[in-house]
Structures are given as structure tokens and as C-alpha cells.
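Trainee: sequence and predicted structure, then a few things I'm wondering about:
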Amino acid sequence: MKKLLIATTLAFTFNLASAGEIEFSPSEKEKQAFKFGLEEDLTVFFEGGKSYFKYGDFVFTTPDDVFKTYSENELRGDKKYKNKQLIINGVVGGIKSGLNDKPYIELKAKGAFISPQAHFATSEEEIMDLNKGNKIRLICKGGGEIGGVPIFQDCLFSKSVIKSMLDERYKEYESLISGNLSVSVEIKKLAALINTIAKQSNDFSLCKDKILPTCFDKSIKKLTKKDEERLELLLKENFKLSKKE
């Protein structure tokens, strides 16, 4: 998918004359490729890289940055982090049992006498496998500061968030295949792009039984003018995307 981002673009011009709908009936391998590409793009996004799409308004931060901001000015800390959706890259300082035996994680932060705390939305089994010193990536809501301790609320591990988003968006894709055009623009664009690559690569023929990173990347080539024309027609005629979209 990283190569896909470099090799292709979705800056469509829609200058083509209407030529009627073209065939859109994805094979099982093409469906695998769509799911693979979407999962990789979601992973790149939550790692803070250059993803194909934006999957929400998140603030990327670390326990060090949050603690430093709050220790300098609590009002500034609240403005920057409180009630915001945060993607936090940190290191486990401790795993504790809080009120009603609900677990929480202390995150290491430079200069912090009491470490920032990550409290979870659900009882995630992954907590049981953690040890001090493990690196983790969490998706949390900023909970402000209590007694000088930054609090992160409703936390989830990034892997579970990615899985949930992947499942939700793949259902949209299946709905699009069934003819539902009310799905998101992003799903339509990625579906059209993967479909074009499938046609260009003879249905990902380099991938035998399963879509893997190596064969997926090798299947992606720079789109020719003919490929781009087909892609535009698919978006315009089949998926009814306007020029503004």
C-alpha cells in the first residue's frame, strides 16, 4: 500500500464523456486485496505515517509531551488534550488494579513523580500480557489532570481499533458491491483503485492463494492513460461520484 500511495493518485478530473457503466464484479482475490490494502492503510495512519485516507481527527502525542504541557500550564493542557481523541505512543511503567478492580496502566513520563494513567473502556485481555517496559500504542480520550496526574480515559489498544474500523469499512465495501451507493467516498475511491489494479494485474496473478505484501506491491504499477480513463468512468458512472467529491 505504501508503494500504492507513491505510484498512483486519486486526483480525478472527470473530463471523460459518459460511456455507460463498466463491469464491477470483484473476484474473491480482489476482495482480499481490498481488505489487505485497507488494513495496511489504517495501520500506517495510526502509526502517524502518510496514509491514503484520514480516519478521524486524532492528536498524536506521548506521555512525555502531555505531562510536560500539564506541568507547565494546566489550562493549556486541557485546551490541547482534554476530551480530544488521542493516539498515544508510550512505554508501560506499571499495570495496576484500580476501583472495582478495573485495571489501568501507568505510562512512563520524564520527570513525573506519579505517572500518567491510561484507563480502559473495556476489560481488554491484552493488558494481561503486558509487562513493564513494553512499548504500546493506545487510542484514548483526554481526561484532564487529577492531582498533577494526566488521565487518559476510554482507552483501547490500536490493534483493536484498527480491527473494528477494518470490519466496519469492509462491510461498506460489500454493500457497495451489492449496489448500495450510499457508502463513503473513501470506500468508493479505494474500491475503484483496487478494481483497476486487479484488471491491470490479471486479478493479482502474482499472488497465488493469499494476498501478501510482496506480491501485492509487485502487482502495483503506474497506471497508464487507459487505466486512468477506466478508473474515472468507474467512479463517475458506476459509483456516481461528482467532480467535487
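Mentor: It's in.
Trainee: what number of residues lie near Ile114?
Mentor: Other residues near Ile114 number 13, with proximity taken as other C-beta atoms under 10 Å. Any C-beta I mention is one placed from the backbone N, CA and C, and that applies to glycine too.
Trainee: please state the offset of the host helix or strand of Ile139 from the chain centre?
Mentor: For Ile139, the host element (DSSP states H and E) is strand 135-146. Distance, stretch centre to chain centre, for strand 135-146: 18 Å (C-alpha atoms, centre = their mean, to the nearest Å).
Trainee: if you count neighbours, what's buried in it?
Mentor: Ile136, Arg137, Leu138, Ile139, Cys140, Lys141, Gly142, Gly143, Gly144, Glu145 (16 or more other C-beta atoms under 10 Å).
Trainee: want to throw those into TSV with distance to Thr214?
Mentor: Formatted as TSV, the buried residues of strand 135-146 follow (distance: C-beta to C-beta, whole Å):
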residue	distance to Thr214
Ile136	28
Arg137	25
Leu138	31
Ile139	30
Cys140	35
Lys141	38
Gly142	40
Gly143	43
Gly144	46
Glu145	47
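Trainee: tell me the one of those nearest Gly111?
Mentor: Closest to Gly111 out of the buried residues of strand 135-146 is Glu145 (14.6 Å), distances taken as C-beta to C-beta.
Trainee: which residues does that closest one bridge with?
Mentor: Pro150 (DSSP bridges).
Trainee: who touches the residue positioned nearest the centre of the chain in this structure?
Mentor: Most central in the chain under C-alpha atoms, centre = their mean is Leu42, positioned 2.4 Å from the mean C-alpha point. By C-beta atoms under 8 Å, 6 or more residues apart in numbering, the residues touching Leu42 are Ser51, Tyr55, Ile162, Met165, Leu166.
Trainee: if we go to 6 Å?
Mentor: For Leu42, the contacting residues are Ile162, Met165, by C-beta atoms under 6 Å, 6 or more residues apart in numbering.
Trainee: what comes up buried for the one helix or strand it maps to?
Mentor: Applying DSSP H and E as the criterion places Leu42 in helix 28-46. For helix 28-46, the neighbour count (16+ other C-beta under 10 Å) marks 29-46 as buried.
Trainee: show me where pLDDT drops low in this structure?
Mentor: Low-confidence regions of the chain, defined here as pLDDT under 70, cover residues 1-20, 123-124.
Trainee: which residues in it form helices?
Mentor: All helices of the chain, identified by DSSP state H, fall at 2-7, 28-46, 63-72, 74-81, 158-177, 185-200, 213-219, 225-233.
Trainee: would TSV of those with distance to Leu206 be doable?
Mentor: Putting those into TSV (distance: least, C-beta to C-beta, whole Å) gives the following:
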stretch	distance to Leu206
helix 2-7	13
helix 28-46	11
helix 63-72	43
helix 74-81	45
helix 158-177	22
helix 185-200	11
helix 213-219	4
helix 225-233	17
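Trainee: so which of these is nearest Ile88?
Mentor: helix 63-72 (6.7 Å).
Trainee: ok, Leu107 - contacts?
Mentor: Pro63, Gly90, Gly93, Ser115, Pro116, Ala118.
Trainee: among those residues, name the buried ones.
Mentor: For those, a burial check counting by 16+ other C-beta under 10 Å picks out Pro63, Gly90, Gly93, Ser115, Pro116, Ala118.
Trainee: tell me what the second one is bridged to.
Mentor: In this entry, Gly90 is beta-bridged to Ile136, by DSSP bridges.
Trainee: that one and Asp64 touch, don't they?
Mentor: No: taking contacts as C-beta atoms under 6 Å, Gly90 lies outside contact range of Asp64: 8.2 Å.
Trainee: was I right to think Leu156 contacts Ile139?
Mentor: Yes: using C-beta under 6 Å, Leu156 is in contact with Ile139, at 5.0 Å.
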